[in-house]
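*Asks:* no sequence on this one, just coordinates:
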């Protein structure tokens, strides 16, 4: 009775540790860990019944434990870090089942034992060990996966040693199982086992298909050999093994069909998006095409929000980390307070065209981490196509503006009017030849701004003028090459919203020395009607020259 209480305390403590680990670390999928806790409870019931001398019912509990562990591992490999190798895992499981069937028929026989050792328990422990070792190989260095392997090794050792040398020491492997699996759920690395991962396509290899075919064909062949030899002594074992291999094969085919269907849907969505983006003539059309493609690529209830930002200035700092640390990655995650949700950022940057469209931008999707991870590659491709469409539109507009500037230059080449076109960042994009003649220079400095040509005393009012929206007039002084100053009246127009201009157009009127800005007033206008600030401005310029 004391031994039964010990097993109950140990098993319930292990199951409680698993539940606590799930609530504390909040993995992306809780079902595998809850099934593992159920397997621990079933194994505990079996150990308690064995201690109470009820072996028949205990065997049922142990079989239930292996079934729950199998469901747990299948759920663990359904989505997450092991998803990329799920097909290989199923192939190996099917082959292992067929190989163990041959060992059962040829070595173990009708009694189901090798001496005092139960063949069923050993086969179940071997299958369990094979699966958890495969999980450890796939995820790499992971403490939680290593503890699962330790627990499986403990079960296998006790299943072999305990019937031969009964006692506490031979049963310690079961205690190792409870302790190791409880610790696996408590360790933070348990989250990695269910983290969504982007499936990586693998080439089809004939030898894996041959192994799966051999696995499926082994149970019928063994049954035929026993039937031809006279007596079918292992019909139940052959039927169970055949059912398992068939189930694994169906699962393998179902996974392949599902992945192929998803790939076809994504290909169709990207193809339609590519056609729409090629025909897009402005940013609004690109935005509409991208949102339509996202609807095709993602489940309708998987997204919380979608943001298509064409300028880095509209993004949060988390969305554009490390801009100066080299080429940006194709996408990155922004964590959410809810572990089931996350934000995926796909930048709209193409390195060869970064100079043509330096504003950047990003496609930002907030939704279920599982769905975003499954379509991450397709979303990265969509963002790249959108960036290419934006770059094309930007370059077409830039070519149009250049041709417009060349036309304007040809028309006003011999005109005395001074005209300047500046970008939103106040850099001079075009300046008429008369401005160079007025400044007494052959050419303007590279990437010059309008503030570089204006006297420092006028910088403040110039910045105030172009900082806002709308048109206006500014009186300022230009600094010539010989350090002298020229008073001009600059009339500016805000054409930043114009698709062809996208900047300010400034027309300057030169006032020769000795003349004042109020000379442009028509006859009959009174100087007293000018505001006081204009009179002060005129006086200051009078003393400057």
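*Replies:* On my side now, so go ahead. Note that the structure is predicted; figures quoted are calculated from it, not measured.

*Asks:* pretty sure residue 343 is in a helix, no?
*Replies:* No: using DSSP: H, G, I helix; E, B strand; the rest coil, the assignment for residue 343 is strand, not a helix.

*Asks:* Just give the nearest non-adjacent residue to it, would you?
*Replies:* Nearest non-adjacent residue to residue 343, counting by C-beta to C-beta, 6 or more residues apart in numbering: residue 334, 3.9 Å away. To be clear about C-beta, it is placed using only N, CA and C from the backbone, and glycine gets the same treatment.

*Asks:* Count the residues that sit near the one you found.
*Replies:* Neighbour count of residue 334, defined by other C-beta atoms under 10 Å: 14.

*Asks:* list the buried ones in the helix or strand that it is a member of?
*Replies:* Assigned by DSSP states H and E, residue 334 belongs to strand 332-335. Buried residues in strand 332-335, counted by 16 or more other C-beta atoms under 10 Å: residue 332.

*Asks:* Local confidence estimate at the residue nearest to residue 343?
*Replies:* In this model, residue 334 is scored at 83, pLDDT.

*Asks:* Same question for residue 508.
*Replies:* Looking at residue 508, its pLDDT stands at 87.

*Asks:* The one 5 residues further on now?
*Replies:* According to the per-residue confidence, residue 513 scores 50 in pLDDT.

*Asks:* ok so, going back, going by contacts, tell me the helices and strands next to the strand holding residue 334.
*Replies:* Other elements packing on strand 332-335 under the criterion 3 or more C-beta pairs under 8 Å, 6 or more residues apart in numbering; DSSP states H and E are strand 341-347.

*Asks:* quick one: buried residues of the strand it packs on?
*Replies:* Within strand 341-347, the residues scored as buried using 16+ other C-beta under 10 Å are 341-347.

*Asks:* contacts for it?
*Replies:* Applying C-beta atoms under 8 Å, 6 or more residues apart in numbering, the external contacts of strand 341-347 come out as 304, 319-320, 328-336, 360-369, 372, 376, 379-380, 382-383, 387.

*Asks:* Strands - which of these land there?
*Replies:* Those of the contacts of strand 341-347 mapping onto strands are 304, 332-335, 362-368, per DSSP state E.

*Asks:* any idea which of those is closest to residue 183?
*Replies:* residue 335 (25.7 Å; C-beta to C-beta).

*Asks:* what are the ranges of the strands in the stretch 51-200 of the chain?
*Replies:* Secondary structure of the stretch 51-200 of the chain by DSSP state E, counting those that start in this stretch: the strands cover 113-114, 117-118.

*Asks:* and the first one, average pLDDT?
*Replies:* Pointing back at strand 113-114 there. pLDDT averaged over strand 113-114 gives 56.

*Asks:* Buried residues, the helix or strand harbouring residue 391. List them.
*Replies:* Assessed by DSSP H and E, residue 391 sits inside helix 376-411. Under the neighbour-count criterion of 16+ other C-beta under 10 Å, helix 376-411 has 376-394, 401 buried.

*Asks:* so what's residue 503 closest to, chain neighbours aside?
*Replies:* Per C-beta to C-beta, 6+ apart, closest to residue 503 is residue 423, 4.8 Å.

*Asks:* Oops, could you answer that again for residue 69 instead?
*Replies:* residue 39 (4.5 Å).

*Asks:* Show the contacting residues for the one you found.
*Replies:* 65-66, 68-69, 72.

*Asks:* For these, which single residue is the most surrounded?
*Replies:* Going by other C-beta under 10 Å, residue 69 tops these with 27 neighbours.

*Asks:* check contacts around that one.
*Replies:* Listed by C-beta under 8 Å, 6+ apart, the contact set of residue 69 reads 35-36, 39, 128.

*Asks:* Tell me the spacing between it and residue 287.
*Replies:* 49 Å (C-beta to C-beta, to the nearest Å).

*Asks:* same thing with residue 425?
*Replies:* 24 Å.

*Asks:* Same check on residue 71?
*Replies:* In terms of C-beta to C-beta, residue 71 sits 45 Å off from residue 287.

*Asks:* what's the answer for residue 34, then?
*Replies:* Residue 34 is 43 Å from residue 287, by C-beta to C-beta.

*Asks:* Residue 477 too?
*Replies:* Computed as C-beta to C-beta, the residue 477 to residue 287 distance reads 45 Å.

*Asks:* before we move on, back to that, which SSE is the residue nearest to residue 69 in?
*Replies:* Assigned by DSSP H and E, residue 39 belongs to helix 31-51.

*Asks:* And stretch 298-307, what's buried?
*Replies:* In stretch 298-307, counting by 16+ other C-beta under 10 Å, buried: 298, 302-303, 306-307.

*Asks:* what sits up against that stretch?
*Replies:* Taking C-beta under 8 Å, 6+ apart as the rule, stretch 298-307 contacts 291, 294, 341, 362-368, 371-372, 375.
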